[in-house]
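1. Give me the fold of what follows.
(3 chains)
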Amino acid sequence: MQDLLYFFQQLINGLTIGSTYALIAIGYTMVYGIIGMINFAHGEIYMIGAYTALIAITGLATLGIAWLPLVLLVALVCAMIVSSSMGWAVERVAYRPVRGRHRLIPLISAIGMSIFLQNYVHLAQGSRNIGFPSLIQGGFTFGSEGSFQMSLSYMQITIFITTLICMTALSLFISRSRIGRACRAVSQDLGMANLLGIDTNRIISATFVIGAALAAVAGLLLGMYYGSIDPLFGFIAGLKAFTAAVLGGIGSIPGAMLGGLILGVAESMTSGYLSGEYKDVVSFGLLILILLFKPTGLLGKPEVEKI
Amino acid sequence: MPAQNFKHALFCAVITLIIAYPILGLNLEAQGINVTLTGADTFTIVSVFLAAVVVFLFQLFRDNIMGSLQGALSGLSSGSQKEPMAENKRAKIESWVLTGIVVLALFWPFFVSRGAVDLATLVLIYVMLALGLNVVVGLAGLLDLGYVAFYAVGAYTFALLSQYTGISFWVSLPLGALLAALFGLVLGFPVLRLRGDYLAIVTLGFGEIIRILLNNWTSLTGGPNGIGGIPDPTLFGMEFGRRVKEEGNTSFHETFGIAYSGEHKVIFLYLIALVLAVFTALVIRRFMRMPVGRAWEALREDEIAARSLGLSRTAVKLSAFTIGAFFAGFAGTVFASKQGFISPESFVFLESAIILAIVVLGGMGSQIGVVLAAIAVTILPELAREFSEYRMLVFGAAMVLMMVWRPQGLMPMRRIHIELNKQD
Amino acid sequence: MKTSVKKLVTAVSTSVALMAAGNAAAEIQIGIAGPMTGPVAQYGDMQFSGARMAIEQINANGGVMGEQLVAVEYDDVCDPKQAVTVANSMVNDGVQFVIGHLCSSSTQPASDIYEDEGILMVTPASTSPDITERGYELVFRTIGLDSMQGPVAANYLASLNPERVAIVHDKQQYGEGIATAVRDTLEAKGVEIAMFEGITAGDKDFSSLVTKMKQADVDFVYYGGYHPELGLILRQAGQAGLDARFMGPEGVGNKDINTIAGEAAEGLLVTLPPSFDQKAENQALVKAFQDKGEDPSGPFVLTSYAAVQLVVDGIKQAESTDPFEVAQALRSGSFETPIGTVQYDEAGDLQSFEFVVYEWHSDGSKTPVN
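-> Numbers count the residues shown, from 1 in each chain, chains lettered A, B, ... in the order given. Prediction:
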C-alpha cells in the first residue's frame, strides 16, 4: 500500500511538471510547424512571463489588494500581455529578417536572442533568486497517519486544470477558427498559402504570440509551484520543453502534450527510484532511444521527401 | 499609406513600452526577508520612453529612412566595383597572405605581453574547435549542438591519463584526438537516420549526457572537483616550470642557462597551439579537395542527388563526424594543458553554442572567415571587460545583428568556379 | 540599474588608477579577483567591499613601509577559464599580491599560475581542501576548510540523536565536499544515513526528492550547497508535509533564503563562521562599513578585510615586498585581525578556524545554539 502511494505521488509530481513542460513546448512546436525553426529564445519568454507575473503580484500587494482571484487574474493578464508582446517583437526583430535563409541562420539568431534576453532581465532585475509567493496553499492527503502520506495540493490541481483548459482551447482554436485554419494552411505550404491570399506574415506573428501567451501561463503557474525565479531558469526549462516537443513529434500539438507528460514522469520516476543525479541523463537517453525507432517523434508525421 | 504607417508606428511604440517598462522600470528587490517593488530612477524611465519615441519615429518614416540608406549604400558600393580577378591568381595571393600571417604569428609572442599571448592561445584553441565543427556543420551540413562533448573527451583523456599513468602531453595528444574521434564514430552510427533538427537535439542531448556523466562519476573523474595538476607540455624532456616536477626531466631555463621566466611556458604553449591550428587547417583544406570533401558538400547540397550518384550516405556522414570530433580532441588536450585544471563546468551547452556561432559568423565552410570569427568572438569580450556587466548583452545582440545584416558571415566560402565573361 | 552604473564608475576609476600606477613607483598593487558579474556576483560584492575598505583604511594610516596600496580589480565570473585569463593579466600588470579568488574551481587553476610566477595569494572564500593540499608556498586563506566545517556540522547533528539522516548536495565542488565530510563523520559516529544524493544546481523542481525523503522517513536533512536550492527544498518540503529538520553550511546562511522559503526557513540550522561583525573589538570597523552604506555581515566581508591586512602585516614583518619573504613571515608569525588571531600552518591554512552552529529564523535573524 505504502509503495503504491509512493508510486502515485511520484506520478503526480511527474505529471505536474510534465503538463507545464507541455505548455512551454507548444510554443516550440507551433513555431517549428510553421516556419521550421527552433525558437531558442522561447524559454526566455517564459522566464519574462514569470517575472512580469511576480512584478504584478508584488505591485498589487503593495497597493493592499489581496483578493486572490483578482490577484491571479491581473498577474495572468499582465504576464500574457508582456510575454506576447515580447514574442511578437522577437519574431519581428530577430526572425523575420532572416526567414527563408539557410536554416542555421535563424538558429544562431535565436541563440543570440536568448543570450540577449537573459542578460536584459539580469541587468534590470539582478541575478538573485527571488521568492515567489505561493498564493494557492493546502491540499488533500491520502494514507494513514504515521506512515507515508500521499499529498495532492490545490496548486497541482490548478496546474492540471489550467493546462487542460489551455490545451482544449488551443485545439479548438486551431481546428475551428479562421486564424487556426490559416495556421494549418501556412504550416502545410507557406508559398501556396501566400498565393491563396493568406497574410502569412500575420499568421506567423500570431503563432509567436499564442506560444508566448501559453508560456506566460506556465511562468505564473510554475513560479507559484516551485517558489523562486531567476534570469537563467527559462533556459533550462526551455531546453526540457524543446526536448518534450521533439519527443512527441515536433510540429504536432498533441505530441507536445504527450512528450511533456512522458518527460515529466520519466524525470520524477528516475529521481524517485534511481537518483536525481541521473534524471537528465535518463530524459535525454529516452529521447535518443525514441528517435532511433521513430525518427520523427511519437506523433510526428513521417517526412516525405519530394524530388 | 501615411495613415497606415502611423498606425503601425504607434503599435510598435506601444509594444516597445510594454516589453521595456515592466522589466526595466519596476525592480523587484529583496528587502530583508520581503520582496518589494521599487520604481527605477528617472533616468531609466526617461530612456524607456525615449526608446519608444525613437521606435515610433523610425517606423513612421521607415520608407524614407530605408530609401535614403539604400541610396547611400549603393552610392558607396558602385564606387568600389572592380574587375574580378582570375581565380587562380586570387588563390595565389590568398596563400601568400596566409603564409605571411602564420610567420607573423610565429614571432609575434616575443614582443607582446604575457596576457596577450595567453589570450591568443585561447583564440587558437577556438580556431581548432571551429575548424573541426566547420567540417560537420559547414561542409557536411549536419547540425551538431553537442560538439563540446568531443572537446571534453579530449581534455579528460589527457587529464586522466596523466593522473593515472603519468603519460605526457605528446603521447596524450594523438590518443585524446583518437578517442574523441571514436566517440564521434559511436555517436554517428545511431543518429545517421535522423534529419536536420532532430539531429541537433540528439547531439545536444549527447553533449549534456557526457557532461553529466563526467560530473557524476566522482571516483574516476573527480566529479565536480575536476582534475588538477595536469602537466604542461615538455620540449624534449625539458620542463618550463620554476621547478622540475617529474623525475628525469630537466628544466628549460637551467639547460639553456637563462633566468627563469614564466613567459617561456606561455609562449611555448602558444607555439604548440599555433602549430596544431595550422596543422588542423592544412589537413582540413586537403580533405576539402579530396573526394571525401566533395562528397560532404554534395550531401549537404542535395542528399537525394548525391545518393543517386552512388555516394554512401553512411560513410560520408560518419567520416565528417569522426574527423570533426578528432580535432575537438586536439583542442581539448591543449585546453587541459593550458588550464592545468579541468572540471565539467567548462563543457556546458553555451560553449557548443559559441563554437557554432564562430562557424556561422565566419561564413560556413570558409577557413579564413572562421579564424577571423574566432578572434573576434574571443577577444571582443576581453576588450569589453570594463563594461563587463553589458558584455553578454552586447554579445547576444551582436549575434542577432550579424545574422540579420550579414548572414553569409565575415568571409563567405568561395567555391572554385569559372566565370563567363559578360558579353555586351 | 544603479549598482551597475556604480560598478562602471569603479571600473573606469580603477583603470585610471592603473594608468597612474604605471607612473608612480612608490605603490604596492593589491589584485582583487572575484565575480563582479554572473550568478554568484553577490558573494563577490562582499569580497570586494571588504578588501576595498581595508585598502582605504591602511592607506589612510600611511600605507605600508611608506608606500600606498592600490587596488586592481578583476572579474573572473567564477569561471575557471576566465580565472586563468585573469591570473595571466595579473602577471602582466605586475601584481604581486592577490586577494581572491572566490570560487574554489577558479582559485585552483589560478593558484598554479601564481605559484609559478611568485605571486602571493590569499583567498578569503575558497574552502576546498584541494587548494592547499599541493604543497604550494604562496597560497594562503583566511577561511576554514570544508573538511573543518563538515565535522562541526556532523558533530552537532549527532548530538541531537537523529534516527535517519538524509544528505543532499548540489554536485558542485563546495557542496559535495562538505556533504562528503558530514557523511564520513556521521558514519564514524554510527548514525544511520538513509540517503546520500546529488541534485542539479539551478533546478527548481524538488518534489521527487522531497517525496523520496518522506518515504525514507528521515528526521534530519543535511544540505551541502547554496541557498537558492535549499530555499526551494525547504519550501517544497513544507508544502508536502515532510517533518524533518534541515541543516546547511555557510553558503545557505543568507537572507535571500527567507524570501524563497518564507515560514519554512524557521529552525534551519546553519554552520557559519562566527559573526565577526558582532565582536566588540570590530565595532569601529562595522561603523565604517555602515557609514559607507555597505553591509559588513556577509560571510566574506571581514575575511577579505583580514586578507588584505595579513598581506600588509606580512610585508611589515618581512620588511620586504618580496612575496616569498612575505610568505615566510606569514608562516612564522601570529597576527591580530578582525577574524581573530591568525597563525598559519605549513600548508597555508589557518591553524584554527571556528565554526558556530546557528539557528535560522523566518524573519532572517539567527541565534547561536551552542
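2. Report whether the expected contact of C:E325 with C:A318 is present.
-> Yes: counting by C-beta atoms under 8 Å, C:E325 touches C:A318, with 4.1 Å between them. Backbone N, C-alpha and C define where each C-beta goes, glycine included.
3. Of those two, give the one with the bigger neighbour count.
-> The neighbour count for C:E325 versus C:A318, taken as other C-beta atoms under 10 Å in any protein chain shown, is higher for C:A318 (19 against 16).
4. mind checking pLDDT for that one?
-> pLDDT, C:A318: 89.
5. same thing with the one 4 residues further on?
-> With respect to pLDDT, C:D322 has a value of 91.
6. residue of the stretch 51-200 of chain C with the smallest distance to chain A?
-> As assessed by C-beta to the nearest C-beta, chain A sits closest to C:G198 within the stretch 51-200 of chain C, at 4.2 Å.
7. State the number of residues packed around that residue.
-> Burial of C:G198 is recorded as 25 neighbouring residues (other C-beta under 10 Å).
8. Could you list the buried residues of stretch A:76-85?
-> A:L76, A:C78, A:A79, A:M80, A:I81, A:V82, A:S83, A:S84, A:S85 (16 or more other C-beta atoms under 10 Å in any protein chain shown).
9. centre of the chain versus that stretch, how much separation?
-> Relative to its chain's centre, stretch A:76-85 lies at 14 Å (C-alpha atoms, centre = their mean, to the nearest Å).
10. anything in that stretch sitting right up against chain B?
-> Yes: under the criterion of C-beta under 8 Å from any C-beta of the partner chain, chain B is reached by stretch A:76-85 at A:C78, A:I81, A:V82, A:S85.
11. Which of these fall within helices?
-> Secondary structure from DSSP state H places A:C78, A:I81, A:V82, A:S85 of the residues of stretch A:76-85 next to chain B in helices.
12. isn't C:Q317 right up against C:R331?
-> No: the criterion here is C-beta under 8 Å, and C:Q317 misses it with C:R331 at 10.6 Å.
13. Overlap in contacts, the two.
-> Here C:Q317 and C:R331 have no joint contacts, going by C-beta atoms under 8 Å, 6 or more residues apart in numbering or on different chains.
14. So what's the residue count around the residue in chain A that chain B sits nearest to?
-> Relative to chain B, the nearest point of chain A is A:G112 (2.7 Å; C-beta to the nearest C-beta). Neighbour count of A:G112, defined by other C-beta under 10 Å: 25.
15. so how many other residues sit close to the closest residue to chain C within the stretch 251-400 of chain B?
-> Distances between the stretch 251-400 of chain B and chain C by C-beta to the nearest C-beta are smallest at B:F341, namely 3.9 Å. Applying other C-beta under 10 Å, we find 25 other residues in the vicinity of B:F341.
16. Dihedrals phi and psi, B:L28?
-> The phi/psi pair for B:L28 (degrees, to the nearest 10) reads phi -80, psi 130.
17. do the same with C:Q57
-> Here is the backbone geometry of C:Q57 (degrees, to the nearest 10): phi -70, psi -40.
18. Same check on C:T200?
-> Here the main-chain torsion angles of C:T200 (degrees, to the nearest 10) amount to phi -100, psi 120.
19. quick revisit: if I look at the residue of chain A closest to chain B, how far off is chain C?
-> From A:G112 across to chain C, the span is 19 Å (C-beta to the nearest C-beta, to the nearest Å).
20. Quick check, the residue in the stretch 251-400 of chain B closest to chain A?
-> For the stretch 251-400 of chain B, C-beta to the nearest C-beta, closest residue to chain A: B:M399, 2.7 Å.
21. which one is that residue nearest to, not counting chain neighbours?
-> Distance criterion C-beta to C-beta, 6 or more residues apart in numbering or on different chains; nearest residue to B:M399, sequence neighbours excluded, is A:G112 at 2.7 Å.
22. picking up where we left off before, ok, now how distant is the residue of the stretch 51-200 of chain C closest to chain A from A:L76?
-> 35 Å (C-beta to C-beta, to the nearest Å).
23. Then A:I159?
-> In terms of C-beta to C-beta, A:I159 sits 13 Å off from A:L76.
24. quick one: low-confidence ranges for the stretch 1-150 of chain B?
-> Residue ranges of the stretch 1-150 of chain B with pLDDT under 70: B:1-2, B:32, B:73-88, B:90-91.
25. which bits of it sit near chain C?
-> Contact residues (C-beta under 8 Å from any C-beta) of the stretch 1-150 of chain B with chain C: B:24, B:27, B:30, B:32-35, B:40-41, B:44, B:113-116, B:118-119, B:122.
26. Within reach of chain A, which of those are there?
-> B:L24, B:N27, B:A30, B:V35.
27. Could you say which helix or strand holds the third one?
-> Element membership for B:A30, per DSSP states H and E: strand B:26-31.
28. ditto for A:G112
-> Under the criterion of DSSP H and E, A:G112 resides in helix A:104-125.
29. Likewise for A:G146?
-> For A:G146, there is no host helix or strand (DSSP H and E).
30. Let me see the backbone angles for it.
-> phi 100, psi -20.
31. what about A:L287, how many residues close to it?
-> A:L287 has 25 neighbouring residues, counting by other C-beta under 10 Å.
32. Read off the pLDDT value for it.
-> Reading off the confidence values, A:L287 has pLDDT 86.
33. Isn't it up against A:A245?
-> No: judged on C-beta under 8 Å, A:L287 makes no contact with A:A245 at a distance of 10.6 Å.
34. Phi first, then psi, for the residue of the stretch 251-400 of chain B closest to chain C.
-> Dihedral angles (degrees, to the nearest 10) for B:F341: phi -160, psi 130.
35. do you know how far it is from B:Q163?
-> Applying C-beta to C-beta, the value for B:F341 to B:Q163 is 11 Å.
36. Next: A:T16.
-> According to C-beta to C-beta, A:T16 stands 43 Å off from B:Q163.
37. now the helices for the stretch 151-300 of chain A?
-> Taking DSSP state H, counting those that start in this stretch, the helices of the stretch 151-300 of chain A run over residues A:154-176, A:178-188, A:190-195, A:200-226, A:233-248, A:253-273, A:279-293.
38. is chain B contacted by the longest one?
-> No: Helix A:200-226 lies apart from chain B when judged by C-beta under 8 Å from any C-beta; the minimum separation is 10.7 Å.
39. buried stuff in that helix?
-> For helix A:200-226, burial by neighbour count (16+ other C-beta under 10 Å) applies to A:200, A:203-226.
40. Equivalent analysis for the second one, please.
-> Of the residues in helix A:178-188, those buried under the neighbour-count criterion (16+ other C-beta under 10 Å) are A:G180, A:A182, A:C183, A:A185, A:V186, A:S187.
41. Now do that helix: which elements does it pack against?
-> On a contact count with 3 or more C-beta pairs under 8 Å, 6 or more residues apart in numbering or on different chains; DSSP states H and E, helix A:178-188 meets helix A:2-35, helix A:154-176, helix A:190-195, helix A:200-226.
42. Can you name every helix or strand that the second one contacts?
-> Here helix A:154-176 touches helix A:2-35, strand A:139-142, helix A:178-188, helix A:200-226, helix A:253-273, going by 3+ C-beta pairs under 8 Å, 6+ apart.
43. With C:G248 as the reference, name the closest of the ones you listed.
-> Smallest distance to C:G248 across these (C-beta to C-beta): 18.9 Å, for helix A:200-226.
44. ok, that closest one near chain C or not?
-> Yes: counting by C-beta under 8 Å from any C-beta, chain C has neighbours in helix A:200-226: A:L222, A:Y226.
45. mean confidence for that helix?
-> Taken as a whole, helix A:200-226 has a mean pLDDT of 93.
46. okay, the angle between it and helix A:154-176?
-> Counting by axes from the mean of the first three to the mean of the last three C-alpha atoms, to 10 degrees, helix A:200-226 lies at 170 degrees to helix A:154-176.
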